[in-house]
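Asker: Predicted model, plus sequence, below.
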Amino acid sequence: MTDSKILTKVVIALGGNALQSKGSDGTAEAQLEVVKDTCRLLAELSAEGYEMAIVHGNGPQVGRILLSSETAKDVVPPMPLDVCGAMSQGYIGYHVQQSLKHELAKRELDYPVVTIATQTIVDGEDPSFKDPTKPIGPFYAEEEARSLEEERGYAMREDKARGGWRRVVASPKPQKIVEIDAIRQLWNSSIVICAGGGGIPVIEHADGALEGAAAVIDKDFGAELLAENVNADVLLILTEVEKVALDFGTPEQRDLDCLTLAEAARYCKEGQFGKGNMQPKVEACMKFVRSYPGKRAIITSLSKAEEALAGKTGTLFTY
């Protein structure tokens, strides 16, 4: 979107709360209502002059798609995990682009909004394939989780912070975005929704052929790679909390306005952030700032995005 008003390129990573409210039934209709609210805030950022690309998570959605497919296996062949990931990109992207286009039009902004089914190359020898940690799908009670382990061979892990058990799958680090040239070409004319769920994980063979992998990439690492590839000024990771905190959820909780790379590394080593919760977001911000010391990486809540970009709140990562 070429305009003299637009100065800042932002890659926005949307957390699960931007797509689905707590306690909702997980239907497409319920998701669309949450997405409409999310897109009102995104449209405000666009109206303020920020160029943006949008990366969304897909953990609950891809898990439900996979569960539906496996449940109906006696009627139709089940879909593999990479195909389920592609399906989630399509329907989440559809909701976001429809809602965001409407909100932009209400502000008399005529920017195209497009979704790209995005493949992301991963290493077939990534250690995560042997040690799955990425939660997908809904929460279960312990008894039901144990049954799924026995009956379907799922790897299940307890999320004590949120009170339930979820299936976990491999989460390899993203290496390369296959469609990056198309994303770059679209940047100056469109708002692009891409690398949904971190991208569809694919393994590149010696002859250049791509093969889908049974994994889900962390969307924060996918967003960070995208931010590097499009030379973004800001990596903005939006989640449920306004700031990163130490001793989260305890009487000693301390919210952080700023984190240096050294401080963030120390707190990660101490286990302050939880490997499946805040830590991937922190590590993604660290990687971006380490690669581009003069640029910004911010973690904040969806409702505080505009204030965080203005430097008024959120946790800012510095070199």
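Answerer: Received, thanks.

Asker: Please work out how many residues are found near the closest residue to residue 225 other than its chain neighbours.
Answerer: Closest residue to residue 225 in three dimensions, ignoring its sequence neighbours and counting by Cβ to Cβ, 6 or more residues apart in numbering: residue 174, at 4.9 Å. To be clear about C-beta, it is placed using only N, CA and C from the backbone, and glycine gets the same treatment. Neighbouring residues of residue 174 were enumerated by other Cβ atoms under 10 Å; the total is 24.

Asker: Please enumerate the helices of the protein.
Answerer: For the chain, the helices defined by DSSP state H occupy 28-47, 59-71, 81-106, 142-152, 180-187, 219-229, 261-269, 279-291, 305-309.

Asker: any idea which of the ones you listed is most buried?
Answerer: Each of these was assessed for mean neighbour count using mean count of other Cβ atoms under 10 Å. The highest is helix 219-229, with a mean of 26.

Asker: got the angle between that helix and helix 59-71?
Answerer: 120 degrees (axes from the mean of the first three to the mean of the last three Cα atoms, to 10 degrees).

Asker: For the residue lying closest to residue 290 once chain neighbours are set aside, give its distance to residue 277.
Answerer: In space, and not counting its chain neighbours, residue 290 is closest to residue 261: 6.1 Å by Cβ to Cβ, 6+ apart. According to Cβ to Cβ, to the nearest Å, residue 261 and residue 277 sit 20 Å apart.

Asker: same check, this time on residue 75
Answerer: For residue 75, the distance to residue 277 - Cβ to Cβ - is 37 Å.

Asker: returning to that earlier point: mind checking which of the helices of the chain is nearest residue 318?
Answerer: helix 279-291 (6.7 Å; Cβ to Cβ).

Asker: mean confidence for that closest one?
Answerer: Confidence over helix 279-291 (mean pLDDT, whole number) is 97.

Asker: circling back to that earlier point, ok, residue 75 and residue 277, which is more surrounded?
Answerer: residue 277 (16 against 6).

Asker: out of the helices of the chain, which comes closest to residue 240?
Answerer: Nearest to residue 240, of those and by Cβ to Cβ, is helix 279-291 at 10.9 Å.

Asker: would you turn the helices of the chain into a markdown table with distance to residue 168?
Answerer: Formatted as a markdown table, the helices of the chain follow (distance: least, Cβ to Cβ, whole Å):
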| stretch | distance to residue 168 |
| --- | --- |
| helix 28-47 | 22 |
| helix 59-71 | 10 |
| helix 81-106 | 12 |
| helix 142-152 | 11 |
| helix 180-187 | 28 |
| helix 219-229 | 16 |
| helix 261-269 | 19 |
| helix 279-291 | 13 |
| helix 305-309 | 29 |
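
Asker: First-to-last residue distance for stretch 70-77?
Answerer: 8 Å (Cα to Cα, to the nearest Å).

Asker: To clarify, my last question referred to stretch 312-319.
Answerer: So stretch 312-319: terminal residues 19 Å apart, Cα to Cα.
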